[in-house]
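Undergrad: give the three-dimensional model of this entry:
(chains A and B)
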Number of protein chains: 2
Amino acid sequence: MRIALDAMGSDRGPAEMVAGAALAVRDADVHITIVGGEEQIKPALKKEGISHLVDFVPTSQVITMHDSPIEAVRKKKDSSVVVAFELLRKHEVDAVVSPGNSGAVMAAAIKFLGRLKDISRPGIASVFPTLKGPVVVMDVGANVDCRPKHLFQFGVMASAFSRIMYGIENPRVGLLSIGEEGGKGNALVKSAHSLFQSSGLNYIGNVEGRDTFVGDVDVIVCDGFVGNVCLKLSEGLAEAVLAMLREEIGKTFKARMGYFLAKQAFSNFKKRVDYAEYGGAPLLGFNGTGVICHGRSNMVAIKNALLVADGLAKHNVNDHILAMLENSKSALSQFEENNVPAGAA
Amino acid sequence: MRIALDAMGSDRGPAEMVAGAALAVRDADVHITIVGGEEQIKPALKKEGISHLVDFVPTSQVITMHDSPIEAVRKKKDSSVVVAFELLRKHEVDAVVSPGNSGAVMAAAIKFLGRLKDISRPGIASVFPTLKGPVVVMDVGANVDCRPKHLFQFGVMASAFSRIMYGIENPRVGLLSIGEEGGKGNALVKSAHSLFQSSGLNYIGNVEGRDTFVGDVDVIVCDGFVGNVCLKLSEGLAEAVLAMLREEIGKTFKARMGYFLAKQAFSNFKKRVDYAEYGGAPLLGFNGTGVICHGRSNMVAIKNALLVADGLAKHNVNDHILAMLENSKSALSQFEENNVPAGAA
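TA: Predicted structure coming up:
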C-alpha cells in the first residue's frame, strides 16, 4: 500500500515524522510519500538514509493548531494536509496519515474524499488500552450533536475497524451511558438503545464509564462531545496520576531507591498505556483511508499509525462497513419510521 | 448540627457506617442520629461504645441498589432513606448522609425537601482530586438532559459549595467542553457560554477534559450525563492504572523489592486520590442538606461525609446560593428573552 505522510504541523517537528517513516519502511512492506517543507524534510531523509526508499512531495504551507480548520483547508492550497489528501483523491496513494490539526484533517477529508455511501456522519475513532485488549471508542470529536442513526453508524464503523485491526470476528458493542439498564441514559442514548437492539451488531447493551478500561467490550459508542471529553479526561488523569506518584516517590530517599528497582515495571506499564502503541485515530466513513495522530506523536507512534493506515487500506475497511450497513438496512428504516424527528410530525 | 446517618444500603454494611459515626462524634462537635435496622445497629453501637453519644431511630426496610428509586421511596415507607429524610423535613435533624441507592436518595430529597426557590434542577456535585486542590464538578448524574439555565444554576450551586468547603471566595468556574474557545462544544455548551459570560460568576471559559486534574479551575460545570460518565470513567481509569502497575510490579523480584521500599509513597498517593478523603457528593438545590456517599464508603469516608454535611448546614449553603442567584437574575432573564426555546416560537 502507498501512504502519504503529512510531516508538518506536529509538536515534535518534521524530523521526528521522517524518523517514524524510516521505522515503518524498514519494518513493513509499505510505500511512503512524505509531504512537507523541503528545507526540513530533505536533510531529515538524508540523516535517516531513506531518500531512496520513500517518495517526497514538497509543499510550501503549514496548517497549524491555531488555524481555523475549514478556512485553512480552503486557503492554504499548498499545505501538507491539503496536498496529502489531494494525492489520495487522485489515487496516487491509498491512505493519508497526519499528526496535524485534527479539525483541518477532517475538513480536508470531507472536501477531497467525501462521505462513504450511506454514511451520514463520518467520524474519528480512538483506541483505549484496557486491562485485557484494546477497546475502540467512536466518535471522539467529529460530531458533537448526534441522532440515534449516527450513533448506530459509529457502531458499524468501529466494529469494522475492530474486526480488521484486532481480528475480532464479531466485536461486542456497548453504548456509553450512565447505568447498565437499557432505560437509563440521556434522551439520545435511550432512543438509540432500541435501534442497536434490532441491528445486526453484536450489541451487549449500555456500558458505563468504569467499564471502559475493564476490557469486556470491544467497541464503545458515544457522541463526539462525550467521546472527546472522555479521551482528554483519560489523558489528563493518566498524566496526573503519574505526576502525583512521581511527586510522592521523590519525597524520600527510600522511595527513590524503590522506584529505581521497579523502574522496568514502570516502563512496561507506560508502554501498555502509551498512545504511541495504538497508532493514532482512524477517520472512518470517508471514501478513502485516513489516520490522525496525536500532535505529540513520537517516531514509534508515527510508525504504528502508518501500519494502521496500511492495514485499513489493505483490508478495505469500507467494504466491511458497507456490508454491515446492508445487513442492518431494514432495522434502520424500521426505526426511522417509528421515530419521526420532533418537529417533522 | 444534627445529622441523620442512613446506615443501611451500603456495600460494607451497617457496622462500618456506625464506625464512621464514632469517628465523627469523637472528632467534631456534631450530633448524629443513626437510622437503620435495630438488629445490626444496636450491637455495632455497643461495640463502638457510642450508644450514649448518638441517637438511634430503628427502621424495618432497606432500599437496595436494585430497587427502582421512585417506586422504592413511595413503597418502602419505613426504609432508612425515607425515615432519614422525614426527620430532616420535620427539622428534627439539619442534614442527611446516605451511602445508599443515589437515585432513591435524590427521589427522597425531591419528595420530602422540595426544590430550593428559584432552582429549576437540583443536582449532585462531586469533588475530584487534582495536582493542586480539589475541583467541584456538577452535575454528576441527577440531570441528564439539560438547558443552559440548568448549567448556569449548577455553576452557582457548585460555587457556593466551593466557597463554603474550601474557603475560595470567588471560585473560578469552567464549562466542560471540547475546545477552549467559546465557540466550541455541543449546542448546549455553546448556548450556555454567553449566559455564563454575562452572569456574576467568576467564569473563566471552556475547560477541557484534560484540565480537570490540573487544578487551575475550582468548579467544572457539565450536564449530568457527561458528569456521570466522567466520574465513573475516572474511577475506572484510576483502578485500571493501579491494577496494571501492580501486575507489572508483580512480575519480577526486583520490582517487588522496589515496591516494598516505595510503599509509603504509594499509600500517600492513594490517600491523595482516595474518594474517602473527599466526603461524598453533596445534594445541592434542595430545601435541606444532603450528602450521598459512595456505596463502597469505609468509615473514614463516612466520617468525612458527616463533616461535609455539618459544614454545609452550619454555613447555610442555601443562603449563599440564593444570594448568588439574586445577583445574576437580570442576566438570566435577559438570556431567556434572547433564547426562546425551539418549538416555543
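Undergrad: give me the secondary structure label for the closest residue to residue A:210 other than its chain neighbours.
TA: Counting by CB to CB, 6 or more residues apart in numbering or on different chains, the nearest residue to residue A:210 once its immediate chain neighbours are dropped is residue B:236, at 3.3 Å. Placement of C-beta: from N, CA and C, glycine included. What DSSP: H, G, I helix; E, B strand; the rest coil gives for residue B:236 is helix.
Undergrad: surely residue B:236 and residue A:209 touch.
TA: Yes: using CB atoms under 8 Å as the test, residue B:236 is close enough to residue A:209 to be in contact (5.9 Å).
Undergrad: which one of those two has more residues nearby?
TA: residue A:209 (24 against 20; other CB atoms under 10 Å in any protein chain shown).
Undergrad: give the contact list for the more buried one.
TA: A:176, A:178, A:230, B:228, B:229, B:230, B:231, B:232, B:233, B:234, B:235, B:236 (CB atoms under 8 Å, 6 or more residues apart in numbering or on different chains).
Undergrad: same thing with residue A:173?
TA: Per CB under 8 Å, 6+ apart, neighbours of residue A:173: A:155, A:158-159, A:196, A:201-204, A:217-221.
Undergrad: and the helix or strand that it is a member of, which strands flank it?
TA: Per DSSP states H and E: residue A:173 is located in strand A:172-176. Here strand A:172-176 has these sheet partners by DSSP bridges: strand A:202-207 (parallel), strand A:219-221 (parallel).
Undergrad: tell me the most buried of these?
TA: Comparing the strands paired with strand A:172-176 by mean neighbour count (mean count of other CB atoms under 10 Å in any protein chain shown), strand A:219-221 comes out on top with a mean of 30.
Undergrad: that one: how far from the chain's middle?
TA: 13 Å (CA atoms, centre = their mean, to the nearest Å).
Undergrad: of all the strands paired with strand A:172-176, which lies closest to residue A:36?
TA: strand A:219-221 (34.0 Å; CB to CB).
Undergrad: on that earlier part again, and which of the contacts of residue A:173 is nearest to residue A:304?
TA: residue A:158 (18.3 Å).
Undergrad: can you map out the helices along chain A?
TA: All helices of chain A, identified by DSSP state H, fall at A:14-27, A:38-48, A:69-75, A:80-89, A:102-112, A:148-166, A:187-198, A:224-249, A:253-273, A:299-314, A:317-327, A:329-338.
Undergrad: what does stretch A:313-321 contact?
TA: A:1, A:3, A:94-95, A:116, A:119, A:156-157, A:160-161, A:163-164, A:282, A:284-285, A:287, A:289.
Undergrad: who is the most centrally placed residue in chain A paired with across the strands?
TA: For chain A, residue A:281 is the residue whose C-alpha lies nearest the centre (CA atoms, centre = their mean; 1.3 Å). Counting by DSSP bridges, residue A:281 is bridged to residue A:292.
Undergrad: gap between it and chain B?
TA: Taking CB to the nearest CB, to the nearest Å as the criterion, residue A:281 is separated from chain B by 14 Å.
Undergrad: same question, residue A:244
TA: Taking CB to the nearest CB, one finds residue A:244 at 5 Å from chain B.
Undergrad: near chain B, which residues of the stretch 1-150 of chain A are found?
TA: A:130, A:131, A:141, A:144, A:145 (CB under 8 Å from any CB of the partner chain).
Undergrad: list the contacts of the second one.
TA: What it means is residue A:131. Applying CB under 8 Å, 6+ apart, we find residue A:131 in contact with A:213, A:214, A:215, B:240, B:243, B:244.
Undergrad: of these, keep whichever come out buried.
TA: A:213, A:214, A:215, B:240, B:244 (16 or more other CB atoms under 10 Å in any protein chain shown).
Undergrad: my read: the fourth one touches residue A:234, true?
TA: Okay, so that is residue B:240. No: between residue B:240 and residue A:234 there is no contact under CB under 8 Å: 9.9 Å.
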